[in-house]
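Student: could you work out the structure for the sequence below:
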Amino acid sequence: MVFISRAIISGIFVGLLHVASAERVGKEAAVEDVLLEDNVYWGRALRELQMSVTPAPTPSPTRPPDIEIKIFCTDKKDGTDCDDIPTPSFQCFNDLEAVSFTYFGGTCGQSMNTQSGATCEDFNGGPPTSGEGRIQCDDGKGSTLYEGTVAMGSEFTVVGKNRQLPETLVCVMEDNNGSVLQTLTLNTGGNEDLYLKDKFGSLQVEACDDLDCTVDIVYEYKVTNTGPTALTVTMLDRDRGGETVSLVNKINDPDLSPGEFTTVPEDDVVDVCVNGIYVTTAETAGSSASGGAASDDDEYDFGISGASSRPTSRPTPNPTLGPTPNPTPGPTPRPTVPAATLRPTREPTYEPTPQ
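Tutor: Numbering: from 1, shown residues only. Predicted coordinates for the structure are as follows:
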């Protein structure tokens, strides 16, 4: 009988374990290699599949058309913003060359001025307040300074001979048949104060030389294509004082490219001697070739609030003080005389009469 030691048996067992382990490791390595190859293959395939099914990037949405309107207002003479137009002093200066009136018609009863020497007289009921009339103004000595037909609410200017207005201006208002309706006189030589807005019968003073209540202004409506596509301006309306007017036909070219603008001017006249607020609104609209539409509106307002005050009636003169009269003396009282002191009367003594 052969005996094998425990040590030999243990060695054989360990050797077998190493062999088995080596075989397992080899198999695992082979499997890992296969898995790696598979991962590479399927990763490449998945990427190719993703590339084939990924949609193209979505383009950014197209912006709709857009339009903008802005209103500007300036003094037509010097470009001053309407908000900054100054109000004039009302009093006319001496040595006037010219004076302008508005013809309103109406009777002498509406006169309002400070000239004590001014006169006004109505005939045949006075001038009407509508229609037109003939006006003639002269220097009171037969030299005509103005003559013409004037519509109610219209302005006319009287220019002095040799650019110097006379001391007294005489104006006659007639109807179209030559019938006198009103005569009036006023001082234009500086001897009496003359103010803008003074009323003499049917006439109201509007200007004297460069001093003027009316200022020519211009509104500008700027329409800009602020969108990404070309558009055509289809509407431009403005409203002032409740009156709406279409200005679209005044646009030179209504087709605007992106960023392009057009401007429409509008003339007007403002009375800076009358306090008030002037509000203008405008609205515009446009459309693109694709059928998109856009609109916008704007508002501009300015105020006249610093118009100087002026006398509206003849001032009451200060009372003239006459010489102080000498005091009138009152009657001189009689001097008081003290009552006389009466001496006591002695009682008479009776003596016997001798026989």
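
Student: quick check: buried residues in stretch 77-85?
Tutor: Cys82, Ile85 (16 or more other CB atoms under 10 Å). Bear in mind the C-beta positions are built from the backbone N, C-alpha and C, glycine included.

Student: now do stretch 110-127: distance from first to last residue.
Tutor: Start-to-end span of stretch 110-127 (CA to CA, to the nearest Å) is 12 Å.

Student: what about that stretch, average pLDDT?
Tutor: For stretch 110-127, mean pLDDT rounds to 96.

Student: which residues are contacting it?
Tutor: The contact list for stretch 110-127 (CB atoms under 8 Å, 6 or more residues apart in numbering) reads 105-108, 133, 173, 175, 179-187, 191-195, 198-202, 311-315.

Student: now the buried members of the residues you listed.
Tutor: Using 16+ other CB under 10 Å as the burial test, these include 105-108, 133, 173, 181-187, 192-195, 198-202 as buried.

Student: now, the residues you listed that are in helices?
Tutor: Filtering those for membership in helices, criterion DSSP state H, returns an empty set.

Student: so of those, which ones are in strands?
Tutor: The strands, defined by DSSP state E, take in Gly133, Met173, Leu181, Gln182, Thr183, Leu184, Thr185, Leu186, Asn187, Lys199, Phe200 from the buried ones among the contacts of stretch 110-127.

Student: next, format the residues you listed as TSV and append pLDDT.
Tutor: Shown next, in TSV, are these (pLDDT from 0 to 100):
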residue	pLDDT
Gly133	94
Met173	97
Leu181	97
Gln182	98
Thr183	97
Leu184	97
Thr185	97
Leu186	96
Asn187	95
Lys199	97
Phe200	97
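
Student: closest one of those to Ala98?
Tutor: When those are ranked by distance to Ala98 (CB to CB), Leu186 comes first, at 14.2 Å.

Student: separation between the closest one and Thr107?
Tutor: 16 Å (CB to CB, to the nearest Å).

Student: any regions of the stretch 51-200 of the chain where pLDDT drops low?
Tutor: The model of the stretch 51-200 of the chain has pLDDT under 70 over residues 51-61.

Student: could you show me where the helices are in it, in order?
Tutor: Using DSSP state H, counting those that start in this stretch, no helices are found in the stretch 51-200 of the chain.

Student: may I have stretch 295-304 as CSV, with CA atoms only?
Tutor: Only the C-alpha atoms of stretch 295-304 are listed here, as CSV (Å, rounded to 0.1, in the frame of the first residue of the first chain):
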residue,chain,number,x,y,z
SER,A,295,-50.0,100.3,-36.3
ASP,A,296,-48.9,103.0,-33.8
ASP,A,297,-50.0,106.3,-32.4
ASP,A,298,-48.5,109.4,-30.7
GLU,A,299,-49.6,112.6,-28.9
TYR,A,300,-48.0,116.0,-28.7
ASP,A,301,-49.3,118.8,-26.5
PHE,A,302,-48.0,122.2,-25.5
GLY,A,303,-49.4,125.0,-23.4
ILE,A,304,-49.5,128.8,-23.4
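
Student: which SS class is Arg44?
Tutor: Following DSSP: H, G, I helix; E, B strand; the rest coil, Arg44 is assigned to helix.

Student: that one: how many residues sit nearby?
Tutor: Neighbourhood size, Arg44 [other CB atoms under 10 Å]: 10.

Student: same question for Asn124.
Tutor: For Asn124, the count of nearby residues is 11 (other CB under 10 Å).

Student: could you do the one 3 residues further on as well?
Tutor: A count of neighbours around Pro127, defined by other CB under 10 Å, yields 27.

Student: now it. Its backbone dihedrals?
Tutor: Dihedral pair for Pro127: phi -70, psi 140, per degrees, to the nearest 10.

Student: where does Ser246 land on pLDDT?
Tutor: On pLDDT, Ser246 comes in at 97.

Student: my read is that it contacts Thr234, right?
Tutor: No: the criterion here is CB atoms under 8 Å, and Ser246 misses it with Thr234 at 11.0 Å.

Student: looking at those two, which is more packed in?
Tutor: Thr234 (14 against 10).

Student: Asn191 against Leu165, yeah?
Tutor: No: taking CB under 8 Å as the definition, Asn191 is not a contact partner of Leu165, at 11.7 Å.

Student: ok, Phe101 - contacts?
Tutor: Contact partners of Phe101, counting by CB under 8 Å, 6+ apart, are Glu155, Phe156, Thr157, Val158, Leu203, Gln204, Val205, Glu206.

Student: before we move on, what about Glu155?
Tutor: Glu155 sits next to Ser100, Phe101, Thr102, Tyr103, Glu206, Thr214 when contact means CB under 8 Å, 6+ apart.

Student: the closest residue to it other than its chain neighbours: neighbour count?
Tutor: Distances taken as CB to CB, 6 or more residues apart in numbering put Thr102 closest to Glu155, at 5.1 Å, once the chain neighbours are dropped. Applying the criterion other CB under 10 Å, we find 20 residues in the vicinity of Thr102.

Student: which residues touch Thr102?
Tutor: Applying CB under 8 Å, 6+ apart, the residues contacting Thr102 are Gly153, Ser154, Glu155, Leu203, Gln204, Glu206.

Student: kindly report the same for Gly131.
Tutor: Gly131 touches Gly105, Ala151, Met152, counting by CB under 8 Å, 6+ apart.

Student: any idea how far Asp175 is from it?
Tutor: 9 Å.

Student: could you do Asp296 as well?
Tutor: 52 Å.

Student: right, and Asn187 touches Val170 too?
Tutor: No: with contacts counted by CB under 8 Å, Asn187 stays clear of Val170, the gap being 11.1 Å.

Student: many thanks, we can stop here.
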